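Peer 1: just a sequence and a predicted model for now, questions to come.
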Amino acid sequence: MFGLETHLLILLVICLLAACAFEFVNGFHDTANAVATVIYTNTLRPWAAVVWSGFWNFIGVFAGGIGVAMGIVYLLPIETLIDQDVWHGIAMIGALLLSAIIWNVGTWYYGLPSSSSHTLIGSILGLGIAYSLLPSTTEATFSWDEASKTGMSLLVSPVLGFTLTVFLMFLLKRFVKNKTIFKEPHKRKAPPLWIRIILIITCTLVSFFHGSNDGQKGVGLVMLILIAIVPTYYALDNDKDPAGLRTSITQVEQVLSKVDSTVLSASDARELSLLNAEVREMNGVFAANPTTHNLPKDTRFLLRRDILLITKGTDRLMESPDITLSQRDRDQLKAGVTGMRSYTDYAPNWVIMMIALSLGIGTMIGWKRIVKTIGEKIGKEHLTYAQGASAEFMAASVIGFSTFIFKLPVSTTHILSSGIAGSMVANRGIKNLNAGTIRNIALAWVLTLPVSMFLSGTLFLLFRWMFA
């Protein structure tokens, strides 16, 4: 399989199983976010709620695309993604998986609505920083732009969750005359049919969008594993003919030829020279291999390396004030680079299926610990129908926009927890919040990034030393 030696094949299988375990843990860790309201309000029996939620998480993974997944991958320095040393890749993946699973399981055990998104992203950030500290990687540059966008997404989304739920509760109180929706659920009695329908719809939406966003994180994680351990086989999308790259190469080459190197600074001129060299190398590959369907595996990785370096280099070069290209030329360059990236930014169907199954099955297990926190401990009063529906509708909306419009990862846990808190405040003000639970949730939120960064960075440096 993949032409790997037995011990590397075993490591690949272990890493893939660990990725499935992470997504499985993500499923049962975040289940309460989707099913808390329908279980707590007796809208659905627990087994029916988690199976229904698991099904829609599964569907969501397939519908979400790979925009968020690739955003996760490219949080790492480009240099880590073009390193063909398998043991370096194993060190990276081992540290990433272990740190993420340790923190996820720990917070689930104590019933804290911690974020799998924060954990995974913190682990990746820790890896990137640790990688840049290695003596042999002085040229590595961390993707601070991607990290800042992701960080802003994680920071702003809970605030939106809180604010929008307060606003939605205000609208419900203003325009809904039937006061049943604002009452505490009966412990053994199902709510009226119209309320049940609303709560089932909001549960479905949160489950679907959770799958579309969080599932992509798992897809990105598996692609990191494949790129690290079998870099030549998964260098390019095997379902696409590499010959299609020629059009994109020509577009990039034409624009680069219009750049006047004599007016550039020394660093920009060097960047332009490197870009031209990478374009020539790609043209050389196709000149030497007329039958592109049978490109050697090492050559496919070389093309991947050039595509990622061209992406990074053109982004840098276009920021230079000395570049006087027209908007048309810039658009042509962007189109060429985007065409190239369509060969590297992909995920095989079997990867998406594996993650969808892991997330869907995980969603059906382990929901009890966090449901109680969501339903009873965030506020000083028990969750009402209106509060649950408002928080879940808002959470589904924020996650959906983040996934399909902005292609950014968000935390389902923190968005919904913030929404529940907002619904409590909308009812009786800030004093209606349970200070102890809010403190624990905030503590998990504050600690997740630094702890996961420290764990992954430390483990990475340890593994690199062990595999040196």
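Peer 2: Good, I have the coordinates.
Peer 1: roughly how far apart are Gly126 and Ile39?
Peer 2: Distance of Gly126 to Ile39, given as C-beta to C-beta, to the nearest Å: 35 Å. C-beta: built from backbone N, CA, C; applies to glycine.
Peer 1: if you could redo that for Leu155, that was the one I meant.
Peer 2: Taken as C-beta to C-beta, the span from Leu155 to Ile39 is 30 Å.
Peer 1: Lys189 falls within a helix, correct?
Peer 2: No - read with DSSP: H, G, I helix; E, B strand; the rest coil, Lys189 is coil and lies in no helix.
Peer 1: on the C-terminal side of the longest helix along the chain, identify the next helix or strand.
Peer 2: Counting residues, the longest helix found in the chain (DSSP state H) is helix 193-229. Later in the chain than helix 193-229, the nearest helix or strand by DSSP states H and E is helix 245-256.
Peer 1: buried residues, that next one. List them.
Peer 2: Buried residues in helix 245-256, counted by 16 or more other C-beta atoms under 10 Å: 245, 248-249, 251-253, 255-256.
Peer 1: quick one: average pLDDT of it?
Peer 2: In this model, helix 245-256 has a mean pLDDT of 94.
Peer 1: what lies in contact with that helix?
Peer 2: Helix 245-256 is contacted by residues 272, 275-276, 279, 282-283, 286, 303, 310, 314, 325, 329-330, 332-333, 335-340, 343 when judged by C-beta atoms under 8 Å, 6 or more residues apart in numbering.
Peer 1: thinking again about what came up before, mind checking how far the longest helix of the chain is from the chain centre?
Peer 2: The chain centre lies 11 Å from the centre of helix 193-229; the measure is C-alpha atoms, centre = their mean, to the nearest Å.
Peer 1: show me what it is packed against.
Peer 2: helix 6-40, helix 46-63, helix 67-73, helix 86-109, helix 116-133, helix 349-363, helix 385-404, helix 412-428 (3 or more C-beta pairs under 8 Å, 6 or more residues apart in numbering; DSSP states H and E).
Peer 1: what comes up buried for that helix?
Peer 2: Those would be 195-196, 198-200, 202-229, for helix 193-229 by 16+ other C-beta under 10 Å.
Peer 1: and stretch 175-184, by the same measure?
Peer 2: By neighbour count on 16+ other C-beta under 10 Å, the buried set for stretch 175-184 is Ile181.
Peer 1: any regions of the stretch 251-400 of the chain where pLDDT drops low?
Peer 2: 290-293, 366-382 (pLDDT under 70).
Peer 1: for it, what spans make up the helices?
Peer 2: 266-288, 297-318, 327-344, 349-363, 368-372, 385-404 (DSSP state H, counting those that start in this stretch).
Peer 1: winner for burial among those?
Peer 2: Of the helices of the stretch 251-400 of the chain, the one with the most neighbours on average (mean count of other C-beta atoms under 10 Å) is helix 385-404, at a mean of 25.
Peer 1: quick one: that one to helix 412-428, angle?
Peer 2: Going by axes from the mean of the first three to the mean of the last three C-alpha atoms, to 10 degrees, helix 385-404 is angled at 140 degrees with respect to helix 412-428.
Peer 1: point out the other helices and strands that helix 385-404 packs with.
Peer 2: Helix 385-404 packs on helix 6-40, helix 144-175, helix 193-229, helix 412-428, going by 3+ C-beta pairs under 8 Å, 6+ apart.
Peer 1: quick one: the first one to helix 349-363, angle?
Peer 2: When you say that, I think you mean helix 6-40. Using the same axes, to 10 degrees, helix 6-40 lies at 40 degrees relative to helix 349-363.
Peer 1: from Thr119, how far out is the spatially most central residue of the chain?
Peer 2: Centroid-nearest residue in the chain, with C-alpha atoms, centre = their mean: Lys217, separated by 3.5 Å. Between Lys217 and Thr119 the computed distance is 10 Å (C-beta to C-beta).
Peer 1: next one: Ile10
Peer 2: 26 Å.
Peer 1: compare neighbour counts for these two and give me the winner.
Peer 2: Neighbours per residue, other C-beta atoms under 10 Å: of Ile10 and Thr119, the larger number sits with Thr119, 30 against 11.
Peer 1: pretty sure that one contacts Pro450?
Peer 2: No - the pair Thr119 / Pro450 is not scored as a contact, 11.4 Å apart, by C-beta atoms under 8 Å.
Peer 1: identify the contacts common to the two.
Peer 2: With C-beta under 8 Å, 6+ apart, Thr119 and Pro450 have no common neighbours.
Peer 1: look at Lys217 and report its pLDDT.
Peer 2: Listed pLDDT for Lys217 reads 87.
Peer 1: the one 4 residues further on now?
Peer 2: At Leu221, the pLDDT value in this model is 91.
Peer 1: could you report the distance from the residue of the chain most remote from its centre to Asp268?
Peer 2: Here the chain reaches farthest from its C-alpha mean at Thr262, the gap being 41.9 Å by C-alpha atoms, centre = their mean. Separation of Thr262 from Asp268 (C-beta to C-beta) stands at 11 Å.
Peer 1: repeat that for Asn57.
Peer 2: With C-beta to C-beta as the criterion, Asn57 and Asp268 are 47 Å apart.
Peer 1: again with Ile66
Peer 2: Noted for Ile66: a distance of 32 Å to Asp268, by C-beta to C-beta.
Peer 1: right, I'll leave it there.
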